[in-house]
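J.: test case, fold it:
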Amino acid sequence: MKKLTPFIYYVIITFLGLTGFKNNYAQPRLGDWTIPCDFGKFVITVGCNGSCITDIIYTWSNFHCAGITLVSGSIHSMRSGGWAITNNSFTIQTSVSQGTMTINGTFTPTGSSVTGTFSYNRLGTICSGNWGPVTSSIEMVGNEIPSDYELYQNYPNPFNPGTRIKFGIPEEAFVSLIIYDSIGREIQVLLNESLHPAIYSIVFNGIKLPSGIYFYKLMAGDYSSTKKMVLLK
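T.: The predicted structure follows:
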């Protein structure tokens, strides 16, 4: 059997990089991104393993454009196959109230924040603006989908002042991750949103808290788990 030449190795590695195997870690995190803007807010949902936006919900709130005020309302737009995220950038264009909305955005290379512009063309009059950055401290770890729910021990532990908490969910679920002190008082809600099945990690920063024992509790569907961690300054 012939050995592969260096040139063939180069072609294979280049192909893997171009097809995303090399850069899966750089994809935007899956799930909903809620984005406030001039017309109210919109929610984009990142899917397709981080390579597309599957749907978008616009919520109007006292938005002035072309001589009218859109007081309130919501429009939900979906697209077969989604809107592609290419090189961490995307463009969404959908029909809205008497016009067309175009939303552009760019994720950071790690997919932990996004910023962009919007343009609303109503009967030929264009209203536009900027939005973001919207950031997220949660990251998807690899591409593995766990077979069951699991909450891992934070690392490092003891910690000062930051530590990373990792958990896995096997199905789409509304997930809450809450920090409590040693007597059960709620300190911080780290996460409270719907997530797609995957393994995630999120950073907790205790810089404003005194040394002591703290607890973190994960709730997802019928699953609930609590673990102890130690802040040592």
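J.: contacts, neighbours, all on C-alpha from now
T.: Noted.
J.: does His76 touch Ile57 like I think?
T.: Yes - the pair His76 and Ile57 passes the contact test of Cα atoms under 8 Å, sitting 4.4 Å apart.
J.: more neighbours, those two?
T.: Set His76 next to Ile57 and count neighbours by other Cα atoms under 10 Å: Ile57 wins out with 16 against 13.
J.: and the strand or helix carrying that one, what other elements does it pack with?
T.: Assigned by DSSP states H and E, Ile57 falls within strand 52-65. Other helices and strands packing on strand 52-65, by 3 or more Cα pairs under 8 Å, 6 or more residues apart in numbering; DSSP states H and E, are strand 40-47, strand 68-84, strand 125-135.
J.: could you dump those strands to TSV with mean pLDDT and distance to Ser97?
T.: As requested, the helices and strands packed on strand 52-65 are exported to TSV (pLDDT from 0 to 100; distance: least, Cα to Cα, whole Å):
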stretch	mean pLDDT	distance to Ser97
strand 40-47	85	14
strand 68-84	85	9
strand 125-135	85	13
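J.: any chance of these in TSV, plus distance to Arg29?
T.: Shown next, in TSV, are the helices and strands packed on strand 52-65 (distance: least, Cα to Cα, whole Å):
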stretch	distance to Arg29
strand 40-47	7
strand 68-84	14
strand 125-135	11
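J.: what about the residue lying closest to Val203 once chain neighbours are set aside, distance to Ile35?
T.: Setting aside the residues directly before and after it, Val203 is nearest to Arg164 in space (Cα to Cα, 6 or more residues apart in numbering), at 4.4 Å. Computed with Cα to Cα, to the nearest Å, the distance linking Arg164 and Ile35 is 25 Å.
J.: for the helix or strand where the residue nearest to Val203 lies, which positions count as buried?
T.: When elements are defined using DSSP H and E, Arg164 is found to belong to strand 162-169. Going by neighbour count (16 or more other Cα atoms under 10 Å), the buried part of strand 162-169 is Thr163, Arg164, Ile165, Lys166, Phe167, Gly168, Ile169.
J.: just how off-centre is that strand within its chain?
T.: Remark: strand 162-169 is offset 15 Å from the chain centroid, using Cα atoms, centre = their mean, to the nearest Å.
J.: give the next helix or strand downstream of that strand.
T.: Next along the chain after strand 162-169, taking DSSP H and E as the criterion, comes strand 173-181.
J.: what are the buried residues along that following strand?
T.: Of all the residues in strand 173-181, those buried under the rule 16+ other Cα under 10 Å are Ala173, Val175, Ser176, Leu177, Ile178, Ile179, Tyr180, Asp181.
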